[in-house]
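[1] below is the sequence, then the predicted model.
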Amino acid sequence: MTSRTTLMPLLLVAVCLRGACAGSHSLRYFYSALSGPALPQFFTAGFVDDAPIDSYSSETRRDEPRAAWMEENEGPQYWERETQICRGWEPVLKENVRIAMGRLNHTRGLHTFQLIVGCELRDDGSTGGFYQYAYDGRDFISLHKDTLSWVAAMPAAEITQQRWNADRSIAEQEKAYLEGQCIEGLQRYLLNGKETLQRRERPETMVSHHKSGASNARLTCHAYKFYPREIEVKWFRNGVEMPAKFLPQTLPNPDGTYQIKTTVDIPEGEEEMYICRVDHSSLDNALDVKYEKKALPIGLIIGAIAGVVVLLAAAIGGIVIWRKRSAGQGGYAAANKGPINADSSSSTASA
């Protein structure tokens, strides 16, 4: 019998031929376990690209769809099975918080133990995967997939590193998931949610102007309301690319689109010499945008504020990821097993 991992390259070709591999895509699962009286004390969330697909918390005690196409394509048995799996792993992640606190002599206060597990399907057909733990927002330990080894990011994780590296099968199991089931799940979701995940929305653009000292000015190029996330925004002066003042950062909007801005400092009066070039998969040709005197759109201002709020909420919430076990028939489980406990060499025990 052919295994699911063996079938993966053939499935990949079939999916791409049907148009579901345009651009790069990722499937990520975030897990968070919190100490103290914080609610919820345990939270999971799954994402395809930046679109939420499901979530579970210690308050709801249910794994629930976060996308209409997930609800339409997965039946009651799927959600009941995933709920039971999440309930099973909840105490494991909570125990990892306690273990990490003990190693760092943290006896009180709010602390988080986090995990992100996921894979990506790149536009050239290649794949990647990641499995990373964090404690209180700092890297704790991660899997180096190519060398099948665990790498501690702080002294408190060195015990875990030694124990997990002593049993090579742990890393082998994680690698098999990242390169097999995870990619298969991403392909499945890209097909089921194609209308949402494969859509193309053109960026709206404008350039704003601000005084910067007595004889200088600052031009900021805004691109907003675009989808998917990947975009290229650059400044040119008389055809020569100019370095940006700050590293551009793409931010999410409340409606599921994105925004980005890039800034360049110029001598006052030379505005006409500068163009902002915007290239995106929704465009037949790159857009060249020049400064025009007009007010910032209110939608852009609101979107910028909301984007910052979204990022802050994610940081404060402390997202940690879990791995789901494949069980039963009639549905896809996102992972073949649960999170590893940091105090054990077993993949079913704690840090």
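    Cool, got the structure.
[2] for residue 262, give its distance to residue 245.
    According to C-beta to C-beta, to the nearest Å, residue 262 and residue 245 sit 8 Å apart. (Glycine included, C-beta is placed from N, CA and C.)
[3] so those two - more neighbours on which side?
    residue 262 (22 against 15; other C-beta atoms under 10 Å).
[4] wait, is the more buried one part of a helix?
    No - if the criterion is DSSP: H, G, I helix; E, B strand; the rest coil, then residue 262 is strand and not within a helix.
[5] okay, now the unreliable bits of the chain?
    With pLDDT under 70 as the threshold, the chain has low-confidence stretches at 1-23, 38, 294-350.
[6] domain-wise, how is it divided?
    4-197, 204-281 (automatic domain parsing).
[7] so which of those is the most surrounded?
    Mean neighbour count (mean count of other C-beta atoms under 10 Å) peaks for domain 4-197 among the domains of the chain, with a mean of 18.
[8] quick one: that domain to chain centroid distance?
    10 Å (C-alpha atoms, centre = their mean, to the nearest Å).
[9] can you dump the C-alpha atoms of the host helix or strand of residue 205 in CSV for me?
    Using DSSP states H and E, residue 205 maps to strand 204-211. What follows is strand 204-211, C-alpha atoms only, in CSV (Å, rounded to 0.1, in the frame of the first residue of the first chain):
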residue,chain,number,x,y,z
GLU,A,204,-4.7,51.0,-3.9
THR,A,205,-1.7,53.4,-3.8
MET,A,206,-0.7,57.0,-2.9
VAL,A,207,2.3,59.0,-1.9
SER,A,208,2.3,61.3,1.1
HIS,A,209,4.7,64.2,1.8
HIS,A,210,6.1,65.6,5.1
LYS,A,211,8.7,68.3,5.8
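[10] ok, now which ones touch residue 133?
    Going by C-beta atoms under 8 Å, 6 or more residues apart in numbering, residue 133 touches 113-115, 139-142, 157, 320, 342, 351.
[11] so can I have a markdown table of those residues showing distance to residue 66 and secondary structure?
    A markdown table is the format used below for these (distance: C-beta to C-beta, whole Å; DSSP: H, G, I helix; E, B strand; the rest coil):
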| residue | distance to residue 66 | secondary structure |
| --- | --- | --- |
| 113 | 23 | strand |
| 114 | 19 | strand |
| 115 | 19 | strand |
| 139 | 27 | strand |
| 140 | 27 | strand |
| 141 | 28 | strand |
| 142 | 26 | strand |
| 157 | 31 | helix |
| 320 | 17 | coil |
| 342 | 29 | coil |
| 351 | 28 | coil |
